[in-house]
Every structure is written in C-alpha cells, then in structure tokens.
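>>> Kindly generate the corresponding structure for this input.
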Amino acid sequence: MGTKLDQLSLTPSLLSLALLASGCSNMLPRVHSESSPFKNFEGARTAIDSLVPMKSDVKELAKLGIDPVKQPNMTILTHADIVRRFVPSALLKREDLDQGVLACLEARDACRGWEITASELSKARTGNFFADFTNFSRRSETTGWRFNALVLLVNEVVVYRAWGGQPNVNEVEVNTNPLGPLQEMGPTIMTNR
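All right, here's what the predicted structure looks like:
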C-alpha cells in the first residue's frame, strides 16, 4: 500500500513537471528592436523613391520623417566623407559617377549627405527550454528587416538618392555545447592552474 501512496504523490509532481515543460518555450528570452520612422521596408523604399533629384528639398524630406535631428541612426556626411565614399580610386572616371554625385562633389562645402539606417528586428530563442537552460543547445531566430539609404543635398536640394538593405531577414543560429553547463568550466580550470 505504501507503494501506491508513493505513486499517487509522485503523479502530481510528474504532471506539474510535464505542464511546466510544455509551456517552457515561452520562458526563453526574446528581444525586439526598432530604429525607424518607417513601418516596414516597403514604406522606407517608397519614401526614398519619392524623392526627385534636383527638385525635392529638405522640407519634403522632413514631411517624410527624414530629419537627422529628429530621427535616430542617421549620419550627417561632410563633403570629405562623400569624396572618400565616391572617389576611392584613381581607376574611377568622372563619367562613371551619377550626375547628382558630380554636382555634390563640385559644390564642395554646399554639399552634404544624409545616411539613413533603419531596421525592425526580433530575436527569439526557440527550441527546448531545458536544453537551452542547461546550456546544451541554444537556438536563436532573428526576423525582420534592415534598410539603408543615402541622400545627397546641395543647398538644401536633393541631388542624389539611393537605397538598399534586406527586406526580409530570417537568420537561425544554433549553439551546441556537448558538455552543457560544464562546457565553460574547461577554459577556466586550465587558466587557474
């Protein structure tokens, strides 16, 4: 009879453990980061494509939410920065450069650039909670988008614009440690001797 009583008291413990294990993946860390006034990659692309070289100006940029003072992760480029970026080699000829880039280079101090970096990324550890918690195996998934653009201005007028980036980020990283929590102890033991 003592054996049946032990089994009955053990059963709720096993049931609790099974319920905990099934919902444990929700206990793994998640990170979400965004650095953009744009809702998505397509919105950012559309905003940059709407700029008309030699016509659009800083007021139009501000209406689109593109302002280095208000928007994070924008870099203001000097004329020297633009020269380094577009004239890195003597092999590059003037006719190889876009007319807007040439106008900017010739304008010297009246030329400046805005480099825009925007993204929305989510990183989540997925997989088995116990393998992750005990450091045997960790699986991380990163999803979202990254966008970058360059706008060159001469006297407050856009003369050049270009964009690029990753419209669909989907990265999976798996770290496996055969020794689990003991994996990190090896180097520590070796260096403490």
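>>> give me the low-pLDDT residue ranges for this structure?
Flagging of the chain using pLDDT under 70 yields the residue ranges 1-26, 28-36, 88-92, 130, 183, 185-193.
>>> Now do the helices in it.
2-22, 41-49, 58-63, 79-86, 99-107, 129-133, 185-191 (DSSP state H).
>>> separation between Asp67 and Lys93?
35 Å (C-beta to C-beta, to the nearest Å). Every residue, glycine included, has its C-beta placed from N, CA and C.
>>> Could you double-check that Glu42 sits in contact with Pro167?
Yes: between Glu42 and Pro167 there is a contact under C-beta atoms under 8 Å: 7.4 Å.
>>> List the contacts of Leu102.
By C-beta atoms under 8 Å, 6 or more residues apart in numbering, Leu102 lies in contact with Arg94.
>>> Next, work out how far apart it and Gln166 are.
To Gln166, Leu102 is 29 Å away according to C-beta to C-beta.
>>> number of nearby residues for the spatially closest residue to Ser119 that is not a sequence neighbour?
Leaving aside its sequence neighbours, Ser119 sits nearest to Arg146 (C-beta to C-beta, 6 or more residues apart in numbering; 4.4 Å). Counted with other C-beta atoms under 10 Å, residues neighbouring Arg146 total 19.
>>> I'd guessed Arg146 sits against Val169; true?
Yes: the criterion here is C-beta under 8 Å, and Arg146 meets it with Val169 at 6.1 Å.
>>> any common contacting residues for those two?
With C-beta under 8 Å, 6+ apart, Arg146 and Val169 have common neighbours Leu121.
>>> okay, how far is it across stretch 52-67, tip to tip?
Distance across stretch 52-67, first residue to last, is 17 Å (C-alpha to C-alpha, to the nearest Å).
>>> likewise stretch 27-37?
30 Å.
>>> Stretch 127-144 too?
First residue to last in stretch 127-144 (C-alpha to C-alpha) measures 19 Å.
>>> Please work out which residues outside that stretch touch it.
21, 24-25, 27-28, 119-126, 169-178, 180-181, 183-184.
>>> re earlier: tell me which of Asp67 and Lys93 has more neighbours.
Using other C-beta under 10 Å as the criterion, Asp67 and Lys93 rank with Asp67 on top: 14 against 7.
>>> correct me, but that one touches Lys59?
No: between Asp67 and Lys59 there is no contact under C-beta under 8 Å: 10.4 Å.
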